[in-house]
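**Student:** Fold the following, please.
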Amino acid sequence: MKRAPHTAALILAGLAGLSSGCGTNPRPFDPGLINHVVLFTLQEKDDIAELERDCDQFLRQIPSVAVYACGGHYDTGREIVDASYDVGLYVSFKDAEGYQAYLKNPDHIALVEKWKTRWTDITIYDIENQ
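**Tutor:** Numbering: from 1, shown residues only. Got it, this is the predicted structure:
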């Protein structure tokens, strides 16, 4: 499935906007050096809540994760926004070593093993934040 090349940039811009919207935060949002965006399309729509729970349980607590977000598509009514996925995952890391540690973490591996036969499509964007 082909997606618009700007999808990942829109996701990051939206997350940055949400995080920097609070007037009490004196620092700008820093998503980290490596930003990992994953869009899942599942075989069974009834599995969406379970995947979200599993991502929360398995991935959120991995030590190298600096920022974590997981959830379904948010419908803004804008036609330009890609709504073809069921669950979106955003994870950022302070450095490349943290990203590699995440990929090798047993919890990450367990999540992938459990779900890889249950998605029909997965799109991954890895974005470097210089």
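
**Student:** the helices in the chain, which residues?
**Tutor:** With helices called from DSSP state H, the chain shows them at 7-20, 48-59, 96-104, 106-115.

**Student:** Now do the contacts for residue 35.
**Tutor:** Residue 35 sits next to 12, 90, 91, 92, 93, 125, 126, 127, 128, 129 when contact means CB atoms under 8 Å, 6 or more residues apart in numbering. Where you see a C-beta, it was placed from the backbone N, CA and C, and this is true even at glycine.

**Student:** Which strand residues bridge the fourth one?
**Tutor:** Just to be clear, that refers to residue 92. residue 35, residue 67 (DSSP bridges).

**Student:** contacting residues around it?
**Tutor:** Residues in contact with residue 92 (CB under 8 Å, 6+ apart) are 31, 32, 34, 35, 36, 65, 66, 67, 129.

**Student:** one step back: compare the helices of the chain and say which comes out lowest on pLDDT.
**Tutor:** Note on these: lowest mean pLDDT is at helix 7-20, with a mean of 47.

**Student:** Please tell me how far residue 116 sits from residue 94.
**Tutor:** Using CB to CB, to the nearest Å, we find residue 116 at a distance of 27 Å from residue 94.

**Student:** Run a quick neighbour tally on the nearest residue to residue 97 once chain neighbours are set aside.
**Tutor:** Nearest residue to residue 97 in three dimensions, chain neighbours excluded: residue 64, at 7.6 Å (CB to CB, 6 or more residues apart in numbering). By other CB atoms under 10 Å, the residues close to residue 64 number 20.

**Student:** Residue 64 contacts residue 103, correct?
**Tutor:** No. Using CB atoms under 8 Å, residue 64 makes no contact with residue 103, being 9.6 Å away.

**Student:** More neighbours: residue 116 and residue 94, which one.
**Tutor:** The neighbour comparison of residue 116 against residue 94 (other CB under 10 Å) goes to residue 94, with 16 against 9.
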